[in-house]
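# fold the following and give me the result.
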Amino acid sequence: MKILVVTDQTLLMEGEKILGSTNFTNIIKRLCVIGELHLCLQKPKENGNCIQVFNDCLNDYIIHDNICYINKSFVWPSSNVISTLKEAISKVDLVIGYVPSLNAEFAAHLAHKARKKYFALMVACPWDGLWNQDWKRKIAAPYRYLMNRRVLSRSDYALYVTNKFLQKRYPTNGISIGLSDVVLEKCDDNVLEQRKRKINILSDNGIIRIATVAMLNIRYKGQRFVIRALRKLKDMGYNNYHYFLIGGGDDSALRKEAEKLGVIDQIHFVGKMSHEEVFNILDDVDIYVHPSLQEGLPRSVVEAMSRALPCIGARTGAIPELLNNDFIVSRKSVDDIVDRLLTMRDKKIMLKEAERNFEEAKKFECELLDKRRNIFYDKIRQDFN
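Residues are numbered from 1 along each chain as shown. Okay, the predicted model is just below:
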C-alpha cells in the first residue's frame, strides 16, 4: 500500500542525508506503519539558516525518489503545484493531508476527483490562525474555514489533535479519532518531587521565572500580552518576574515592545533549542504561560505539564481541555494574566497545580497514545486489504 503525505513541512538536505525536525520525524515514523511513504513537501532547506532545528535522520523511513517538492500556496495553488499533486496522487492508494494547508486541502479535492481515499490530519484551526493576523489574512479566514469544513466532511478518515474543539468546528463523516501528536516518555515521579521542592523554596522577593515556548515572529502566539503583564506587575511593585521566550524566529518586534514598556531587563530571548534543551529550561522556570490566539492542542503546554509546571493558558483551541479552568485567561487579556500570576504567589496553589498538571500529562504518554493510534491505523489498513 502506497500513501502520499501532503504538508507544508520541509526538510534539510545534507548530502545524501534527509534531516527533519523532531516533530516531523515523529509524524513520519508513525505513518510508516500504514504503508510505503511518499511525501509532497515544501522545497527543502539548503543550509542551516532555519528557524527550526533539523537533527533527526529520515533515511530509514523515506527515500529521495519518493519525495516531490512544491511551493507553499497562499491564495490558490499554481498550475505547477496542481500538476505535481495530480501526478503524485495517481501513484498512491491513500492521500494524507496535514491540514490546515492550502496544498493539502487542494489535494483532498484532487483525491476525491481521482476516487482515492483521503485521510485528514487536523492539527490547528485555520479560522483562528488567519483571523488573528493582518487584514489580508482576515479576508481569507472565512474561505479557509469553509474549505476545511468541506475537506473534513468528505474525508474517509480523520485524526484530530484535540478531543472536542476541532471536531466541533470541522466535523467529519468519516472514521475519526481525537489523538494528540505530543511525544512524551513515561512521566517520572521524581520530576514532580523536584518541582515541589523548587516551589517550597521560592522566595516572595526572589526571581519568578515565566516561560513560553513558541515561534517569536508569529504574532498570534501572543507573547506580547505577557510582556505587557510584566509592565503592569512592575507598576504594582512586583519587578521580580522574568520572562523566558523559547523559540526561533525574528524577535525584533517583541524586543521593541519590551524596550518601549521598560521591561527589557526582565525579558530573556532564549532562541531555538533542541527538544532536550527545552525540557531542561522548563525544569528551571517556575510558571508556564501560553497566551496564544490560535492552537489545536499545543504540545508545548503538555510538555510543560509533564515537568509539573503550574500553567496559565488562553481560552484558545484545546487549551481549556488541558488546564484547570481557574487558570484559563481570556484571549488578549493582560489583566487576566496579571491576576493569575499574582494568584500563583500562593505556594499551596502552585503545589496543587503542579500535581494536577503532572497527573493530567500522564494521559499523553507515548505508550498509551501509540496503542490507540495503532488500532486506528489498523482500521485504515484493513480497508485496503
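
# you'd agree Ala214 is up against Gly247?
Yes - proximity of Ala214 to Gly247 meets the contact threshold set by Cβ atoms under 8 Å, at 5.1 Å. All C-beta atoms are positioned from the backbone trio N, CA, C, and that covers glycine.

# residues shared between the contacts of those two?
Between them, Ala214 and Gly247 share these contacting residues under Cβ atoms under 8 Å, 6 or more residues apart in numbering: Lys221.

# flag the shaky bits of the stretch 1-150 of the chain, pLDDT-wise.
Within the stretch 1-150 of the chain, the segments meeting pLDDT under 70 span 44-53.

# what are the boundaries of the strands in it?
For the stretch 1-150 of the chain, the strands defined by DSSP state E, counting those that start in this stretch cover 2-6, 12-14, 17-21, 36-42, 54-57, 67-70, 94-99, 117-122.

# which neighbouring elements make contact with the third one?
Same thing as strand 17-21. Packed against strand 17-21 by the contact rule (3 or more Cβ pairs under 8 Å, 6 or more residues apart in numbering; DSSP states H and E) you find strand 12-14, strand 54-57.

# in that strand, what counts as buried?
Under the neighbour-count criterion of 16 or more other Cβ atoms under 10 Å, strand 17-21 has 18-21 buried.

# likewise for the second one?
When burial is assessed from 16+ other Cβ under 10 Å, strand 12-14 yields the following buried residues: Leu12.

# can you check stretch 376-384 too?
For stretch 376-384, burial by neighbour count (16+ other Cβ under 10 Å) applies to 377, 380.

# tell me which residue is most central in this protein.
With distances taken as Cα atoms, centre = their mean, the chain has Pro298 as the residue nearest its mean C-alpha position (4.6 Å).

# so that residue is in contact with Tyr288, correct?
No - the criterion here is Cβ under 8 Å, and Pro298 misses it with Tyr288 at 10.5 Å.

# would you map out the domains in the protein?
Following the assignment in automatic domain parsing, the chain carries domains at 2-183+366-383, 189-363.

# what ranges do the helices span in the stretch 201-350 of the chain?
Taking DSSP state H, counting those that start in this stretch as the test, the helices found in the stretch 201-350 of the chain are 223-235, 252-261, 275-284, 299-306, 319-322, 334-343, 347-361.

# what does the stretch 1-150 of the chain give?
22-31, 79-90, 102-113, 126-131, 135-154.

# having no further points to raise, I will conclude here.
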